[in-house]
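Could you look at this predicted model? Sequence included:
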Amino acid sequence: MSENDSCYEETATDCLGSVIDRDFDHAQVPFLQKLVGVPSDNPPGDCAPHAVFSAGLLEELGFKVERHTVPQDFVERHGMKSATNLIIRERFGDGSGPVVALNAHGDVVPPGEGWIHDPYAGVIEDGRLYGRGAAVSKSDFATYAFALRALKEVCADVSGTIELHLTYDEEIGGHVGPGWLLAEGLSKPDYVVSAGFTYDVMIAHNGSLQLDVAFMGRAAHSAWPETGADAIEAACRVMSALYAYRDKLSGHHSSIEGIDAPTLVIGTIEGGVAANVVPAQARLRLERRILPDEQADNVEAELRRVITRAGSEVAGVECTVSQHLLALPLVPNEEQAPLIHALQDAAEAVFGERINEKGMPLFTDARIYSNAGCPTVLYGAGPRRLQDANGHRANEHVVLEDMRHATKVVAGALVRLLSPPVA
């Protein structure tokens, strides 16, 4: 009796788990190491070479890979140099069941300093694989690819289509990745699982509003500052008002577990030309996280009022506000229920207990699918908190057992989503 034949005597979950365990150390872990080993930093966003490399790895696993190159002018308009998004489609049975997409992003933030290992080496130490993108979110793609590979091998009695989406601009907004795929009509899934964590199902996340504030004053010699109009002074007035506004946000809490109060950060400020010249120009960029409980229009209007009021306090300085980015929150909805239940049931079979529904303060590509009408949750490989994996920091890593468990849970959830309901 072959290994596959013996699987028929096991439950679907056990059978999938056996295949995943068999391939984990010699195939899935090296696959992740190879993904980590090729830089895909964004910025600068020259990510097409990583997509080409990843497509080759996926074809070696037996998948048929669609390569969708994003037009250059569109890519550059969004601050990148090159982008190619990948789609894999696997049909099961007669295909009459739902289309379920699994989305992870291949772009990563630059590594920065302070690493104990080469950030592109994929070094394994104490059960952790280190590297930029190991947690965010190349391990999620390895999870999805090998969950689908196991499902193909087991050939469970299911019907529907599984799609893998590997996209390349989550770190700067998602418009070149899922946004472009959906707008071009290249995919319209019934359900979406986006990159997440092993021990919770994320059903909501914050949005992000980023505003640019420009100050135009009048230059003057520092010996006669009264003849000028100080743009940096006006910027300081606005910053003080924004920090006072920020302090009041701490009393405003989300109703969703895992999401606390909204945050505000002034991330960049620049201005002036010399110490002995009254600065004629200044500029700052701020970010306000938007709770799923809030309306983005109201948040932006409130911020603009705070800025314009404070910005008018310095005579002769003009203050203008423009929107740099608006990423809407992922808002919980009833249509998520089949995804939540499938993942919770599968996790219970793997862990022996159900995983919780939570929200998180990050913003991700999940909101793009959800806002396009595709019920979406986040689940993937990782700890309970991104901080525990050093996401976006030096020494980013994924615990390999978390990836193993997540792969089993995703595979089990796919079986449940594609299985016909019991009469």
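Alright, I've got the coordinates.

When you work out contacts or count neighbours from here on, use the C-alpha atoms and nothing else.
OK.

if I pick Ser54, what's in contact with it?
Leu35 (C-alpha atoms under 8 Å, 6 or more residues apart in numbering).

same check, this time on Leu181
Taking C-alpha under 8 Å, 6+ apart, we find Leu181 in contact with Asn85, Ser187.

Need phi/psi at Arg77.
phi -60, psi -30 (degrees, to the nearest 10).

Which stretches in the stretch 1-150 of the chain count as strands?
For the stretch 1-150 of the chain, strands defined by DSSP state E, counting those that start in this stretch occupy the ranges 65-69, 84-92, 99-105, 124-125, 128-130.

ok, Ala142 to Glu125 distance?
19 Å (C-alpha to C-alpha, to the nearest Å).

wait, I meant Pro49
Going from Pro49 to Glu125 by C-alpha to C-alpha gives 28 Å.

Next: His26.
Distance of His26 to Glu125, given as C-alpha to C-alpha: 16 Å.

ok, now Leu86?
Distance from Leu86 to Glu125, by C-alpha to C-alpha: 31 Å.

Neighbour count for these two, which is higher?
Leu86 (23 against 11; other C-alpha atoms under 10 Å).

wait, what's in contact with the more buried one?
By C-alpha under 8 Å, 6+ apart, the neighbours of Leu86 are Ala51, Ala55, Val65, Glu66, Arg67, His68, Leu164, His165, Leu166, Thr167.

which non-adjacent residue is nearest the fourth one?
In this case it means Glu66. In this structure, Glu66 finds its nearest non-sequential neighbour in Ile87, 5.1 Å apart by C-alpha to C-alpha, 6 or more residues apart in numbering.

ok, now the third one?
Of all residues beyond its chain neighbours, the one nearest Val65 is Ile88 (5.1 Å), with distances taken as C-alpha to C-alpha, 6+ apart.

What count of nearby residues applies to that neighbour?
Counted with other C-alpha under 10 Å, Ile88 comes out at 20.

Report the contact partners of it.
When contacts are counted by C-alpha under 8 Å, 6+ apart, Ile88 touches Phe63, Lys64, Val65, Glu66, Ile162, Glu163, Leu164, His165.

Likewise for Asn103?
Contacts of Asn103 (C-alpha under 8 Å, 6+ apart): Phe141, Leu164, His165, Leu166, Thr167, Val192, Val193, Ser194, Ala195.

cool, Cys374 as well?
So Cys374 contacts Lys188, Pro189, Asp190, Tyr191, Val192 (C-alpha under 8 Å, 6+ apart).

among these, which are in strands?
Per DSSP state E, strands hold the following members of the contacts of Cys374: Tyr191, Val192.

now the contacts of Cys374 in CSV, with pLDDT and neighbour count?
Listed next are the contacts of Cys374 as CSV, based on pLDDT from 0 to 100; neighbours: other C-alpha atoms under 10 Å:
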residue, pLDDT, neighbour count
Lys188, 97, 17
Pro189, 98, 21
Asp190, 98, 16
Tyr191, 99, 24
Val192, 99, 27
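
What is the nearest of the contacts of Cys374 to His252?
Nearest to His252 among the contacts of Cys374 is Val192, at 30.3 Å by C-alpha to C-alpha.

pretty sure the closest one is in contact with Val377, am I right?
Yes. Between Val192 and Val377 there is a contact at 6.6 Å, judged by C-alpha atoms under 8 Å.

check which helix or strand covers the residue nearest in space to the middle of the chain.
When C-alpha atoms, centre = their mean is applied to the chain, the residue found nearest the centroid is Thr364 (3.5 Å). Using DSSP states H and E, Thr364 maps to neither a helix nor a strand.

Report the contact partners of Val70.
When contacts are counted by C-alpha under 8 Å, 6+ apart, Val70 touches Ser82, Ala83, Thr84, Asn85, Val176, Trp180.

Quick one: which of those residues is the most crowded by neighbours?
Counting by other C-alpha under 10 Å, top hit in those: Ala83 with 28 neighbours.

per-residue confidence for that residue?
Ala83 is assigned a pLDDT of 98 by the prediction.

Identify the residues contacting it.
Applying C-alpha under 8 Å, 6+ apart, the residues near Ala83 are Gly45, Asp46, Cys47, Ala48, Ala51, Thr69, Val70, Val75, Tyr168, Asp169, Val176.

which residues touch the fifth one?
With C-alpha under 8 Å, 6+ apart as the criterion, the residues that contact Ala51 are Ala83, Thr84, Asn85, Leu86, Gly106.

try 7 Å
Applying C-alpha atoms under 7 Å, 6 or more residues apart in numbering to Ala51 gives the contacts Thr84, Asn85.

do the same with the second one
With contact taken as C-alpha under 7 Å, 6+ apart, Asp46 is in contact with Ser40, Met80, Lys81, Ser82, Ala83.

any idea which of those is closest to His392?
Using C-alpha to C-alpha, Ser40 comes nearest to His392 of those, at 13.5 Å.

Where does the prediction get shaky in the stretch 151-300 of the chain?
156 (pLDDT under 70).

which residues in it form strands?
Counting by DSSP E, counting those that start in this stretch, the strands of the stretch 151-300 of the chain are 160-167, 191-194, 200-205, 207-216, 220-221, 264-271, 277-278, 281-290.

can you put these in JSON lines and add distance to Tyr243?
Output for the strands of the stretch 151-300 of the chain, formatted as JSON lines (distance: least, C-alpha to C-alpha, whole Å):
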{"stretch": "strand 160-167", "distance to Tyr243": "36"}
{"stretch": "strand 191-194", "distance to Tyr243": "34"}
{"stretch": "strand 200-205", "distance to Tyr243": "23"}
{"stretch": "strand 207-216", "distance to Tyr243": "15"}
{"stretch": "strand 220-221", "distance to Tyr243": "29"}
{"stretch": "strand 264-271", "distance to Tyr243": "8"}
{"stretch": "strand 277-278", "distance to Tyr243": "24"}
{"stretch": "strand 281-290", "distance to Tyr243": "11"}
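
between the ones you listed, which gets nearest to Ala315?
Closest of these to Ala315 is strand 207-216, at 11.0 Å (criterion: C-alpha to C-alpha).

what comes up buried for the closest one?
The neighbour-count check on strand 207-216 (16 or more other C-alpha atoms under 10 Å) flags Gly207, Ser208, Leu209, Gln210, Leu211, Asp212, Val213, Ala214, Phe215, Met216 as buried.

Give me the neighbour count for the spatially closest residue to the first one that is not a sequence neighbour.
Nearest residue to Gly207, sequence neighbours excluded (C-alpha to C-alpha, 6+ apart): Pro329, at 3.8 Å. Applying the criterion other C-alpha under 10 Å, we find 28 residues in the vicinity of Pro329.

repeat for the one 3 residues further on
Here the number of neighbours of Pro332 (other C-alpha under 10 Å) works out to 21.
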